[in-house]
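Asks: only the shape, not the letters, is given here:
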């Protein structure tokens, strides 16, 4: 579904950036092959995972595109430049805040909540979240970092107004932290890994703040196509199977793939992989009332914070439309 005005302008920019990926999921070039345009954050983990597990031989085409966050993926979906987005619970809340999301949450991937941290420079005198009062703290807006930073401040007896909050993209936040213009940074994934490689210390994390629910969202156009739904269900089932393949005694081998992409030592990548799976196994599942309620709690927290102007009913952009084909694909 395409929109007029600013969204259409954004679509033009995004389509150019994504290398003219084509239209919504469906037959391409007049043929019978479905093409899914799928987003990834940080690095193309799922693409590499499927290749590693030799499950990338799909009967449809998958075009992976890299973004700095799930929020950017959903912007691309709304602009018609992407069919499928993966994110934490937070980005869809903001993407749907105007009441016209143009996408639906179709599946929940359970995963670990490691590498979701508040870090400070190595020589900083800040040793806890409580000591962030009056400090300038960078964070990635509308993401897990936004949410767990708010929660950690509350636990420490502080409010959002007790810090100078600076919304920044991960690369810019890292540069500011390194350059001394930020006192702390709340980030995730590769940004946290890179920060540690540069000597940063952790003063708080979101491991027990975040639910571990990572959402797969599909454009309304994709869900409107029977072939698109079947392809997406198959792709998600292959991702689930690939994670099981890694767990079956192949963690060390897969850690080499991760290390090459994240520029970590292999032993460090293996340790994180092992700790992550020990905390919470990575598995793809159907939409559930429990998962929807979890995101509703997140939305309500952002209303309290003032980041959302009005209450949001998240169930409006969740759907069971993929349940049947996904259930079948997961069981096959």
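Replies: Arrived safely. Quick caveat: nothing in here was measured; it's all calculated off a predicted structure.
Asks: centre-most residue in the chain?
Replies: residue 87 (2.7 Å; CA atoms, centre = their mean).
Asks: can you give me the pLDDT of that one?
Replies: Residue 87 is assigned a predicted lDDT (pLDDT) of 96.
Asks: ok, the one 5 residues further on next?
Replies: Residue 92 is assigned 97 on the pLDDT scale.
Asks: who touches it in this structure?
Replies: 70, 74, 101, 103, 105, 215, 217, 295, 314, 317 (CB atoms under 8 Å, 6 or more residues apart in numbering). The C-beta positions use only the backbone N, C-alpha and C, and glycine is treated the same way.
Asks: re the thing from before, quick check: closest non-adjacent residue to the residue nearest to the centre of the chain.
Replies: residue 70 (2.4 Å; CB to CB, 6 or more residues apart in numbering).
Asks: and if you look at residue 253?
Replies: residue 52 (7.8 Å).
Asks: please point out which parts of the lengthiest helix in the chain sit buried.
Replies: Scanning the chain for the longest helix, with DSSP state H as the assignment, gives helix 226-247. For helix 226-247, the neighbour count (16 or more other CB atoms under 10 Å) marks 228-243, 245-246 as buried.
Asks: returning to what we had before: list the contacts for the residue nearest to residue 253?
Replies: Contacts of residue 52 by CB under 8 Å, 6+ apart are 242, 245-246, 250, 253-254, 257.
Asks: can you give me the end-to-end distance of stretch 244-257?
Replies: 16 Å (CA to CA, to the nearest Å).
Asks: what sits up against it?
Replies: Contacts of stretch 244-257 (CB under 8 Å, 6+ apart): 48-49, 52-53, 55, 266-267, 269-270, 273-274, 277, 281.
Asks: buried subset of those as a PyMOL selection?
Replies: Applying 16+ other CB under 10 Å to these leaves a buried subset, and the PyMOL line that selects it is:
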select buried, resi 48+49+52+53+55+269+270+273+277
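Asks: the contacts of stretch 244-257 in helices, which ones?
Replies: Those of the contacts of stretch 244-257 lying in helices (DSSP H): 48-49, 52, 266-267, 269-270, 273-274, 277.
Asks: from those residues, which is closest to residue 134?
Replies: The closest of those to residue 134 turns out to be residue 269 (CB to CB; 36.8 Å).
Asks: contacting residues around the closest residue to residue 170 other than its chain neighbours?
Replies: Computed as CB to CB, 6+ apart, the closest residue to residue 170 that is not its neighbour in sequence is residue 191, at 3.7 Å. Contact partners of residue 191, counting by CB under 8 Å, 6+ apart, are 42, 140, 170-171, 173-174, 185.
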